[in-house]
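**Student:** no FASTA, just this:
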């Protein structure tokens with residue numbers, strides 16, 4: 001696990017491939033997803049995010065096991081493209 005002082009530094013390392021998985025808020029990661037730099041693998045909510053139709057919700061992700069996984073409504077789980 002890596003701790004960053006701000007989201008911009010985390011996104012920079014994430015896009016560069018120095019970290020493999022990131023949970024970030026919509027405003028930080030959406031531009032990277034839309035540009036094709038990262039792939040959104042789940043949104044960490046109990047409902048689908050309207051900006052990312054078809055992206056699985058965290059509650060049904062195999063990453064979370066039996067308990068629903070939920071973060072703030074504008075979070076998502078991502079990986080480099």
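**Tutor:** Perfect, thanks for sending it. None of these values were measured; they are calculated from a predicted model.

**Student:** Residue ranges in this structure under the pLDDT threshold?
**Tutor:** The chain contains residues with pLDDT under 70 at 59-81.

**Student:** What segments of this protein are helices?
**Tutor:** 7-15, 26-34 (DSSP state H).

**Student:** could you dump those helices to TSV with mean neighbour count and distance to residue 44?
**Tutor:** (Each C-beta comes from the backbone N, C-alpha and C, glycine too.) Below are the helices of the chain laid out as TSV (neighbours: other C-beta atoms under 10 Å; distance: least, C-beta to C-beta, whole Å):
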stretch	mean neighbour count	distance to residue 44
helix 7-15	16	15
helix 26-34	17	11
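
**Student:** need those helices in a markdown table with distance to residue 54, can you?
**Tutor:** Listed next are these as a markdown table, based on distance: least, C-beta to C-beta, whole Å:
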| stretch | distance to residue 54 |
| --- | --- |
| helix 7-15 | 22 |
| helix 26-34 | 13 |
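
**Student:** looking at the ones you listed, which is closest to residue 1?
**Tutor:** Nearest to residue 1 among these is helix 7-15; the distance by C-beta to C-beta comes to 11.5 Å.

**Student:** Out of the helices of the chain, flag the one nearest residue 56.
**Tutor:** So among the helices of the chain, helix 26-34 is nearest, using C-beta to C-beta, at 14.1 Å.
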